[in-house]
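> Here is a sequence with its predicted model. Questions after.
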Amino acid sequence: MGGGPTRRPVIAIAGLACETSTFSPSKTLAPAFHPKRGQDIIQKYPFLHPGTPLSSLAEWKGALIGHALPGGIVTREAFEELTGEIVSRLQETVATSAALDGLWFDIHGAMCVEGLDDVEAELLRRVREAVGKDVIVSASMDLHGNVSRELAHGCDLITCYRMAPHEDTMETKERACRNLVELLVQKERRRPIKAWIPVPILLPGEQTSTRVEPAKHIYAAVPEVETIGGVIDAAIWVGYAWADEPRNRGAVVVTGWDEKVVVESAEKLAKLFWDARKDFVFVAPHGSFKECLDAALSSKSRPYFISDSGDNPTAGGSGDMTWGLTKLLARPEFKDASGPTVIYASVPGPKAVHTAIEAGIGAIITVTAGAEVDNIHSGPLTMTGRVHSIKHGDKDALIEVVLQVGSVFAILTELRKPYHHEKDFTNLNLRPRSADIVIVKIGYLEPELYDMAKDWMLALTPGGVDQDLERLGHHRIRRPIWPFNKTFEKSPDLSARIIAMSNKPLTGPDE
């Protein structure tokens, strides 16, 4: 990573992450972030463990990070509590260190907080007040985050995932840290040039998966740009479609040392993204929930996966809607235990779970679950079935129960949980590979589910992360924006804006 001063640079770590739907009625509280502090942060990231190159080249100081399961808006109280602790811990680090050289800003980019817009920029503003203007900040983000002009201004280095599903999460975070260290060990510490371009496109992740075109070739161009001399990093953000703030849109940022190269590279990527806007389609065959069930029943492919996408808890849905399970149990094909085997994941129901525990495995019980938070489209669901299995100790669900109702094995949880791995099912004495149909509250299938599925469809179901964006009712996003607006009076300005770090506040519109 090059030579540098004999003193190792000191780098703090801080950030909050929560993908937040403003169309979900749920609220995210401070405990949901499962905050980590100090050495626990270092342990979380293998690339910072003792003996690794990054650990030997810099001294890492964990302040506080918190990563919440996606959900509804973060309460102001939760944000102020966690941000206050981040600031105080950073102030302590500054006071007790010979110098603080850098900060890794570990965020998602789509968090919304009551009463605040562009909250990651606000968090960074407070962080900068604590650590001082000379500290170099490197941010790592989800490609479904949002990069406003203010956030780009506050960071010196910024990058995001290049894969959706996000199989490169750790690789991206390590890249953000490596870029930071490489800058700090230089004899002359210069702030790199940042070219930022907002792109007026706002699409759901299920239309922008890098598994398929056009996102596949768009994101393939990113590492190619990075190899150009004078470029440090290049990144494209799709933006987050299920929140309603002016910052919600696509963006491109290229950082480097050669202004001409950085500008040309950013404009090339922005044009590539914009020119492909009409080519984005859903990552899989899609239809109504009924159409997906009909297709699964008529198919010979087993297991057949269906995404109940509108209440996806890993995109910001509340996770406790009963709409899908209610429709499923109403189908005559599944009324009898001899019908097609269906696994449904999942619906929270704390009282139902504890009733099942008291009754025990094998017992026939009648319970009511779901819709304690989100009852906009359907209310609590009452069902009678046999307790198939019980599991304690899950980090998200806490307790899980499987209730067999006819031929449907419905997973009920104490708290909401995403189901992304085969072990999530096998630990509950379920065999997804042997099932006829597996229905999961998810958008595009995560890698293990994708590998298990012999065929699948995306169900366009209602909820806080409805894939039919236009029926959600956005009214604060910047317009015109594709696909909300199909025609533009004039072509969007895709010229690069050079965003320089300074002590002066930004002026002018964020466009």
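Good, I have the coordinates.
> Show the residue spans covered by the helices in the stretch 201-350 of the chain.
215-226, 259-275, 289-298, 323-329, 350-359 (DSSP state H, counting those that start in this stretch).
> out of these, which comes closest to Ser21?
helix 323-329 (15.7 Å; Cβ to Cβ). Every C-beta, even on glycine, is put in place using the N, C-alpha and C of the backbone.
> pLDDT averaged over that closest one - what is it?
Helix 323-329 carries an average pLDDT of 98.
> Could I get the full set of strands for the stretch 151-300 of the chain?
With strands called from DSSP state E, counting those that start in this stretch, the stretch 151-300 of the chain shows them at 157-160, 193-199, 231-237, 250-256, 286-287.
> Just put those strands in CSV and tack on distance to His354, mean pLDDT and mean neighbour count.
Shown next, in CSV, are these (distance: least, Cβ to Cβ, whole Å; pLDDT from 0 to 100; neighbours: other Cβ atoms under 10 Å):
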stretch, distance to His354, mean pLDDT, mean neighbour count
strand 157-160, 41, 98, 27
strand 193-199, 49, 98, 25
strand 231-237, 43, 98, 25
strand 250-256, 45, 98, 28
strand 286-287, 37, 97, 17
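> want to throw those strands into a markdown table with distance to Ala110?
Shown next, in a markdown table, are the strands of the stretch 151-300 of the chain (distance: least, Cβ to Cβ, whole Å):
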| stretch | distance to Ala110 |
| --- | --- |
| strand 157-160 | 11 |
| strand 193-199 | 15 |
| strand 231-237 | 10 |
| strand 250-256 | 12 |
| strand 286-287 | 23 |
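> wait, which of these is closest to Glu59?
Comparing the strands of the stretch 151-300 of the chain by Cβ to Cβ, strand 157-160 comes nearest, at 18.6 Å.
> thought Val225 was touching Glu264?
No: between Val225 and Glu264 there is no contact under Cβ atoms under 8 Å: 9.5 Å.
> Single out the most deeply packed of the helices of the stretch 201-350 of the chain.
helix 323-329 (a mean of 22; mean count of other Cβ atoms under 10 Å).
> want to try TSV for the helices of the stretch 201-350 of the chain, with distance to Ser338 as columns?
Below are the helices of the stretch 201-350 of the chain laid out as TSV (distance: least, Cβ to Cβ, whole Å):
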stretch	distance to Ser338
helix 215-226	43
helix 259-275	51
helix 289-298	15
helix 323-329	16
helix 350-359	23
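> for those helices, which one sits closest to Asp396?
Using Cβ to Cβ, the helices of the stretch 201-350 of the chain put helix 350-359 closest to Asp396, at 13.4 Å.
> List the contacts of the closest one.
363, 365, 367-369, 387, 390, 399-401, 403, 412-415 (Cβ atoms under 8 Å, 6 or more residues apart in numbering).
> And the furthest pair within the residues you listed?
Longest span within these, Cβ to Cβ: Ala363 and Leu415, 22.7 Å.
> With neighbour numbers in mind, choose between the two.
Leu415 (18 against 12; other Cβ atoms under 10 Å).
> In contact with the more buried one: list those residues for me.
Counting by Cβ under 8 Å, 6+ apart, the residues that Leu415 touches are Pro348, Pro350, Asp396, Ala397, Leu398.
> what do you get if the cut-off is 6 Å, keeping everything else the same?
Going by Cβ atoms under 6 Å, 6 or more residues apart in numbering, Leu415 touches Ala397, Leu398.
> Look up how far Ile439 lies from it.
Leu415 sits 20 Å away from Ile439 when distances are taken as Cβ to Cβ, to the nearest Å.
> One more: Cys112?
Taking Cβ to Cβ, one finds Cys112 at 28 Å from Ile439.
> cool, and Lys27?
27 Å.
> who has more neighbours, the two?
Ile439 (27 against 17).
> secondary structure element for that one?
strand 437-440 (DSSP states H and E).
> Bridge partners for Gly287, pull those for me.
In this structure, Gly287 bridges to Ala459 when assessed by DSSP bridges.
> Could I get the CA-only coordinates of stretch 101-119 as PDB?
This file holds the C-alpha atoms of stretch 101-119, laid out as PDB (Å, rounded to 0.1, in the frame of the first residue of the first chain):
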ATOM      1  CA  ASP A 101      -6.500  10.800  11.100                       C
ATOM      2  CA  GLY A 102      -9.400   9.000   9.500                       C
ATOM      3  CA  LEU A 103     -13.000   7.700  10.000                       C
ATOM      4  CA  TRP A 104     -14.700   4.800   8.300                       C
ATOM      5  CA  PHE A 105     -18.400   5.800   8.000                       C
ATOM      6  CA  ASP A 106     -20.200   2.500   7.900                       C
ATOM      7  CA  ILE A 107     -23.700   3.200   6.700                       C
ATOM      8  CA  HIS A 108     -26.500   1.900   4.400                       C
ATOM      9  CA  GLY A 109     -27.800   5.200   2.900                       C
ATOM     10  CA  ALA A 110     -31.600   4.700   3.100                       C
ATOM     11  CA  MET A 111     -32.300   5.500   6.700                       C
ATOM     12  CA  CYS A 112     -35.300   7.800   7.400                       C
ATOM     13  CA  VAL A 113     -35.800   9.500  10.800                       C
ATOM     14  CA  GLU A 114     -38.900  11.300  12.100                       C
ATOM     15  CA  GLY A 115     -38.600  15.000  11.400                       C
ATOM     16  CA  LEU A 116     -35.300  14.800   9.500                       C
ATOM     17  CA  ASP A 117     -34.500  14.500   5.800                       C
ATOM     18  CA  ASP A 118     -31.200  13.100   4.400                       C
ATOM     19  CA  VAL A 119     -30.300  11.700   7.800                       C
END
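> what residues does it touch?
9-13, 15, 17-20, 22, 65, 73-76, 79, 120, 122, 131, 135-139, 141-142, 144-146, 148, 177, 180, 184, 240, 243, 245, 247.
> Restricted to buried residues, select those residues in ChimeraX.
Remark: buried members of the contacts of stretch 101-119, expressed as a ChimeraX selection using 16 or more other Cβ atoms under 10 Å:
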select :9,10,11,12,13,15,17,18,19,20,22,65,73,74,75,79,120,122,131,135,136,137,138,139,141,142,144,145,146,148,177,180,184,240,243,245,247
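> Nothing else from me, thank you.
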